[in-house]
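Novice: I'll drop the sequence and a predicted model, then ask my questions.
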Amino acid sequence: MHIDKAKKRIAKQIKKGFNGYPLISLEYFGATPDAATELVISFVVEEGAEPQAQTLACKLDAREDETIQSTVVKILERANVNTLTERSGVSIIS
């Protein structure tokens, strides 16, 4: 899947807001605010359940990595999520 198409589908899902569970949240991490080298995907089946997390990493910016963004789209499709959230910006890895 092309990077722009994947990013557009992810953004569209985020814009829908909270629609119940299951819920997936995305959080980007990096050494600087300009480059996210890791993406942590958290999956919550129902309210009060412990989140399951998966980390995807790359050498460059994960927000612009076609493989990572396409993987996120596939995860959304397979998990049949109702809500997708994304933490804005890049969290700094210390």
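Specialist: The structure has been received and is ready for your questions. Numbering: from 1, shown residues only.
Novice: all contacts plus neighbour counts: C-alpha atoms, from now on.
Specialist: Fine.
Novice: do you know the pLDDT at residue 7?
Specialist: At residue 7, the pLDDT value in this model is 94.
Novice: quick one, helices of this structure?
Specialist: Assigned by DSSP state H, the chain shows helices spanning 3-15, 66-79.
Novice: dump those helices to JSON lines, plus mean neighbour count and distance to residue 24.
Specialist: JSON lines is the format used below for the helices of the chain (neighbours: other C-alpha atoms under 10 Å; distance: least, C-alpha to C-alpha, whole Å):
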{"stretch": "helix 3-15", "mean neighbour count": "15", "distance to residue 24": "10"}
{"stretch": "helix 66-79", "mean neighbour count": "16", "distance to residue 24": "8"}
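Novice: residue 37 and residue 93, how far apart?
Specialist: 10 Å (C-alpha to C-alpha, to the nearest Å).
Novice: neighbour-wise, which of these two wins?
Specialist: residue 37 (21 against 13; other C-alpha atoms under 10 Å).
Novice: quick one: contacts for the more buried one?
Specialist: By C-alpha atoms under 8 Å, 6 or more residues apart in numbering, residue 37 lies in contact with 28-31, 57-62.
Novice: neighbours of residue 52, how many?
Specialist: By other C-alpha under 10 Å, 11 other residues sit near residue 52.
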